[in-house]
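Colleague: coordinates only, sequence not included:
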């Protein structure tokens, strides 16, 4: 993943990310996955550009900004 502030590429670990996503989804009673899917759908139907954010980036944004205790 490019890290523009550090001006280098940061390595990713797909297995740890999958475990993190699974924990987020269980903690939020499924709301995490529903919100990620909703954002993917929304951007494909509402983006003025044909360039979309990746699923990884959307998952990171949801994890960083959504309140898992609120549900969906």
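Modeller: Looks like it came in fine. It should be emphasised that the depicted structure is a prediction, and the values quoted were computed from it without experimental measurement.
Colleague: what about residue 11, which SS state?
Modeller: Following DSSP: H, G, I helix; E, B strand; the rest coil, we place residue 11 in the coil state.
Colleague: and it, how far is that from residue 62?
Modeller: Distance from residue 11 to residue 62, counting by CB to CB, to the nearest Å: 22 Å. In this view, the C-beta of every residue, glycine as well, is placed from N, C-alpha and C.
Colleague: For the two, work out which one has more neighbours and name it.
Modeller: residue 62 (21 against 5; other CB atoms under 10 Å).
Colleague: Can you tell me what sits against the helix or strand of the chain with the lowest mean pLDDT?
Modeller: Counting by mean pLDDT, DSSP states H and E, the weakest-scoring helix or strand in the chain turns out to be strand 2-3, with a mean of 76. Residues from elsewhere that reach strand 2-3 (CB atoms under 8 Å, 6 or more residues apart in numbering): 9-10.
Colleague: Give the partner strands of that strand in its sheet and their orientations.
Modeller: strand 8-9 (antiparallel) (DSSP bridges).
Colleague: Run the chain-centre distance for the strand it pairs with.
Modeller: Computed by CA atoms, centre = their mean, to the nearest Å, the chain-centroid distance of strand 8-9 equals 20 Å.
Colleague: got the phi/psi numbers for the residue most central in space within the chain?
Modeller: Nearest to the geometric centre of the chain sits residue 59, at 0.9 Å (CA atoms, centre = their mean). When quoted as degrees, to the nearest 10, the phi and psi of residue 59 stand at phi -60, psi -40.
Colleague: What separation do you get for the closest residue to it other than its chain neighbours and residue 11?
Modeller: Nearest non-adjacent residue to residue 59, counting by CB to CB, 6 or more residues apart in numbering: residue 36, 5.4 Å away. Applying CB to CB, the value for residue 36 to residue 11 is 22 Å.
Colleague: Residue 35 too?
Modeller: 26 Å.
Colleague: go on, residue 44?
Modeller: Distance from residue 44 to residue 11, by CB to CB: 28 Å.
Colleague: now swap in residue 41 and tell me
Modeller: Residue 41 is 30 Å from residue 11, where distance means CB to CB.
Colleague: which phi and psi does the closest residue to residue 40 other than its chain neighbours have?
Modeller: Excluding the flanking residues, the one nearest residue 40 by CB to CB, 6+ apart is residue 58, at 6.2 Å. Note on residue 58: backbone dihedrals following degrees, to the nearest 10 are phi -60, psi -40.
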